[in-house]
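Colleague: attaching a predicted model along with its sequence, questions to come.
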Amino acid sequence: MSPRSASVNEELRRRSRERLLQAAVELVGERGFEATTLGDIADRAGSARGLVSYYFPGKRQLVQSAVHRLMHRTLEEALEREPRTEDGRERLARAIDAILGLARDRPVLMRQHMAGLLQAEGFVQCPEQRRLAELLSDTVARYGAQNVSADYPMLRALLMGAVFAALVPGVPMPVPVLRAELFQRYGLDREMGVPPEGDAGAGLEDLSRFFATEERPDTP
């Protein structure tokens, strides 16, 4: 049997990493961070346990990368849904609704994510986080911000604060109230994006579309 080519090995590694990311968001969303082990994640992904440490320094980094992937792909899907639009205000409204929707629909996962950001490791810079940052920065630019380098971190901080406020045990703020406050700040109409009475959250149980674990069409 001839050895696999470098491109085939690269594709196999990519798919293994994607399966680990998907397994991480599924299990942490079901059980919480502490009750999920790296072994559990490897087993759910159908991967050897040694592969987890090959791709990620530890469980916290893996989970943070996985949540950033989910956030990035959720945001991307919201921005590109039909009818597609280039209107900056509509795109910002969709972005706000996408992130708040995750807090509403996946409270366990997002609560664990927010708690993880306050740990010693802090905010992990990873490919998934960079893609999320690029998409949010582009949204801010299309909205018409004059200083994206300053306005993007402010939007990020406001979204993180809103998610945190929605998830504080015992004193959570209603997502519609948080949405209204953000929309007022940015001068957005209530009917933009996906209003609370809309169909946000439909079909979120299946996460596979956010993780490219299938073989790419151009893969040998």
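Modeller: Alright, I've got the coordinates. Numbers count the residues shown, from 1 in each chain.

Colleague: mind listing the helices for the chain?
Modeller: 6-31, 38-45, 49-55, 59-80, 88-105, 107-117, 127-143, 148-167, 175-185 (DSSP state H).

Colleague: so how far is Leu135 from Ala115?
Modeller: 24 Å (CB to CB, to the nearest Å). Where you see a C-beta, it was placed from the backbone N, CA and C, and this is true even at glycine.

Colleague: so between these two, which is more surrounded?
Modeller: Leu135 (17 against 13; other CB atoms under 10 Å).

Colleague: the more buried one: what's it in contact with?
Modeller: His72, Leu75, Glu76, Leu79 (CB atoms under 8 Å, 6 or more residues apart in numbering).

Colleague: burial count for the last one?
Modeller: By the measure other CB under 10 Å, the count of residues near Leu79 is 19.

Colleague: swap in Arg89?
Modeller: So Arg89, with other CB under 10 Å, has 18 neighbours.

Colleague: look up the pLDDT of it for me, please.
Modeller: pLDDT for Arg89: 97.

Colleague: wait, it sits on Tyr143?
Modeller: Yes - using CB atoms under 8 Å, Arg89 is in contact with Tyr143, at 6.4 Å.

Colleague: touching both of these two, which residues are there?
Modeller: Common neighbours of Arg89 and Tyr143 (CB under 8 Å, 6+ apart) are Tyr186.

Colleague: which residues does the nearest residue to His113 once chain neighbours are set aside contact?
Modeller: Excluding the flanking residues, the one nearest His113 by CB to CB, 6 or more residues apart in numbering is Val67, at 4.4 Å. Val67 makes contact with Val25, Leu109, Met110, His113, according to CB under 8 Å, 6+ apart.

Colleague: and the first one, what is it in contact with?
Modeller: This points to Val25. With CB under 8 Å, 6+ apart, Val25 has these contacts: Val63, Ala66, Val67, Arg69, Leu70, Leu109, Leu207.
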